[in-house]
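**Student:** coords please:
(one chain, ligands or ions: 1)
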Amino acid sequence: MGKKDRHALRSAFVTLRDLPGTRVMFWLVQDCPYCGASHLHPAGNLRTADPGDTLGERPAPCDPTRVYVLSLPPKPQKKRGKEARRRERRAGRVNDWDE
Ligand SMILES: [Zn+2]
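**Tutor:** Numbers count the residues shown, from 1 in each chain. Here you go, the predicted structure:
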């Protein structure tokens, strides 16, 4: 899993879910870029982890040879400025941005 694989990365937008009655959190991928289904990824424990730490590259559960990037979806903005558009573009086309 080297940097040469970077061109193949796809973004997967996630929402944070918790497991009722527990402090365990999951990232829910609602629309997998590869199979279109939804997947869950552990996001850690509310008490001990920052769920943001578990974002980033993860193997896709439907195809372990492929990796996607867990990303927070762009939040709806009251006014849509340059910054929001830039974020959307980056989120949707990670492979074109190498920073
Ligand atoms: Zn999938």
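**Student:** residues near the spatially closest residue to residue 59 that is not a sequence neighbour, how many?
**Tutor:** Excluding the flanking residues, the one nearest residue 59 by Cβ to Cβ, 6 or more residues apart in numbering is residue 67, at 5.6 Å. All C-beta spots, glycine's among them, are computed from the backbone N, C-alpha and C. Residues lying near residue 67 (other Cβ atoms under 10 Å) number 19.
**Student:** isn't residue 67 up against residue 57?
**Tutor:** Yes: Residue 67 lies in contact with residue 57 (Cβ atoms under 8 Å); the separation is 5.2 Å.
**Student:** quick check: beta-bridge partners of the residue most central in space within the chain?
**Tutor:** The centre of the chain sits closest to residue 70, judged by Cα atoms, centre = their mean, with a distance of 1.6 Å. Beta-bridge pairing for residue 70 (DSSP bridges): residue 12, residue 56.
**Student:** state the distance from it to the ion.
**Tutor:** 12 Å (Cβ to the ion, to the nearest Å).
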